[in-house]
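Novice: have a look at this prediction, sequence included:
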Amino acid sequence: QVQLVESGGGLVQAGGSLRLSCTDSGRTFSRYNMGWFRQAPGKDREFVAAINWSGSTTPYADSVKGRFTISRDNDPNTMYLQMNNLKPEDTAVYYCAADSTFRRSVGAAVTEYDYWGQGTQVTVSA
């Protein structure tokens, strides 16, 4: 059973930083590829970053490269998204997701993830 819970969202001024966390109470977290996605009002959910089960592969969306860093600690079962130099266009609900299918490559498509958290709001003021 995979249960993902995000935390760490909030209101921050442009140029500021936040760190999001995603925890899983299940026993197989360390074997899953994981991802962060976001959804702004009126827009589709979009890929932000992902990390494979070992942490050796970490693709990013072009819009966040150089500003966001994804990482994971498999003991305890936690994934992080460090967000620096935040911009108003980063405002969205951020979701963590797990791919429990043991796919060899870590993906950027919403459809490749089968477990989702409830989301945490990130608001960046100008």
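Specialist: Done, it's in.
Novice: how about the most centrally placed residue in the chain: what's its closest non-neighbour residue?
Specialist: Nearest residue to the geometric centre of the chain (Cα atoms, centre = their mean): residue 36, 2.1 Å. Excluding the flanking residues, the one nearest residue 36 by Cβ to Cβ, 6 or more residues apart in numbering is residue 48, at 4.3 Å. Just so you know, the C-beta spots here come from the backbone N, C-alpha and C atoms, and that holds for glycine as well.
Novice: and residue 117, by the same measure?
Specialist: Using Cβ to Cβ, 6+ apart, the closest residue to residue 117 is residue 4 (3.7 Å).
Novice: quick one on the thing from earlier: my guess is the residue nearest to the centre of the chain contacts residue 49, does it?
Specialist: Yes - the pair residue 36 and residue 49 passes the contact test of Cβ atoms under 8 Å, sitting 5.0 Å apart.
Novice: so what sits against both of the two?
Specialist: Any residue near both residue 36 and residue 49 by Cβ atoms under 8 Å, 6 or more residues apart in numbering counts here, and that gives 70, 81.
Novice: check contacts around residue 93.
Specialist: 38-40, 119-122.
Novice: follow-up on the earlier one: so the residue nearest to residue 36 is in which element?
Specialist: Assigning secondary structure by DSSP states H and E places residue 48 in strand 46-51.
Novice: list the buried residues of stretch 75-85.
Specialist: 77-81, 83 (16 or more other Cβ atoms under 10 Å).
Novice: ok, for residue 86, nearest residue in space, not its chain neighbours?
Specialist: residue 124 (4.6 Å).
Novice: what's near enough to touch that neighbour?
Specialist: 11-14, 16, 86-91.
Novice: can you name the two of the contacts of residue 93 that are farthest apart?
Specialist: Within those, 40 and 120 form the most distant pair, 13.8 Å apart (Cβ to Cβ).
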